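Student: quick one, structure for this:
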Amino acid sequence: MTGLLQHLFLVLLFSRAALQLSIAAVAQGEETKCAFRDSYQNEHGISESQISQENGTVLCMKGSTCYGLWEKTREGEIHLVKQGCWTHIGDPQECHAEECIVTATPSLIQNGTYRFCCCSTNLCNVNFTEDFPPPVPPTSSAPPPQRDDTIIIILASVSVLAVLMAVIFFGYRMLGGIHKKGLHTMNMMETAALEPSLDLDSLKLLELIGRGRYGAVYKGSLDERPVAVKVFSFANRQNFIN
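Tutor: Below you'll find the predicted structure:
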């Protein structure tokens, strides 16, 4: 309902202005022929005898121009709303074109369905042509940083760090294994050195010959053979091993 009222208000406004200008044009006697149509003429109380009409045309005074108002539906259909005389309002060059060309982008009134144009030659307002200015391109902003490159760099850094940690871990394990193996070998050698190479069960200590700083010397018998046996104290055991 609101849209219909806006539509009627806009049409009535154009109708009143156009009819008044047409009457003034006839009174001046200097005429320009324009296509004319006003379906709301009788509603304004203006009779057809007040304007000059001939086969859908109107004679306008010199200095006036022709105009047209059309409605373009969403489906692309064109419906003529009004045609007639128009005076110069604002820039006098606005309506000096020989053809009726719509150069202004339709306003948001009635969802931008109306097309208005004006021109200066006879019957130039029979049809109209659309020639809208190209849209202003949006201001280009700096492209955002590439997230893919950032993700790749992060993954590569994490991978390299993981490899380094793995190398350090296995290297530490290997060095620890070598150290333990060396200790085990030394222990085996020490144990082998401590093990007697002779059968000590048949060794007999017969007589103490003398004592020294590190131990005592005995006369003994091993397998019925006379031997000298040097016995170290426990504190000097390491000297015997070395």
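
Student: which of the residues in stretch 33-40 are buried?
Tutor: Using 16 or more other CB atoms under 10 Å as the test for burial, stretch 33-40 gives 33-38, 40. Using the backbone N, CA and C atoms, a C-beta is placed for each residue, glycine as well.

Student: likewise for stretch 67-86?
Tutor: For stretch 67-86, the neighbour count (16+ other CB under 10 Å) marks 67-72, 81-86 as buried.

Student: could I get stretch 216-236 in CSV with only the CA atoms?
Tutor: Coordinates of the C-alpha atoms in stretch 216-236 are reproduced here as CSV (Å, rounded to 0.1, in the frame of the first residue of the first chain):
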residue,chain,number,x,y,z
ALA,A,216,104.5,-61.0,53.9
VAL,A,217,106.6,-63.7,52.2
TYR,A,218,106.1,-67.3,53.0
LYS,A,219,107.8,-70.5,52.1
GLY,A,220,105.3,-72.9,50.7
SER,A,221,104.6,-76.0,48.7
LEU,A,222,102.5,-76.3,45.5
ASP,A,223,101.9,-79.7,44.1
GLU,A,224,104.8,-80.9,46.2
ARG,A,225,107.1,-78.3,44.8
PRO,A,226,108.7,-75.6,46.9
VAL,A,227,107.5,-72.1,46.1
ALA,A,228,107.7,-68.6,47.6
VAL,A,229,104.4,-67.0,48.2
LYS,A,230,103.9,-63.2,48.7
VAL,A,231,100.8,-62.4,50.5
PHE,A,232,99.5,-58.8,50.3
SER,A,233,97.3,-57.2,52.9
PHE,A,234,93.7,-56.2,51.8
ALA,A,235,94.7,-52.5,51.8
ASN,A,236,97.5,-53.2,49.3
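
Student: domains of this structure?
Tutor: The chain breaks down by the TED database into domains covering 29-133, 203-236.

Student: deepest of these, which one?
Tutor: Looking across the domains of the chain with neighbours counted as mean count of other CB atoms under 10 Å, the highest average goes to domain 29-133: a mean of 16.

Student: taking the mean pLDDT, what do you get for that one?
Tutor: What domain 29-133 shows for mean pLDDT is 77.
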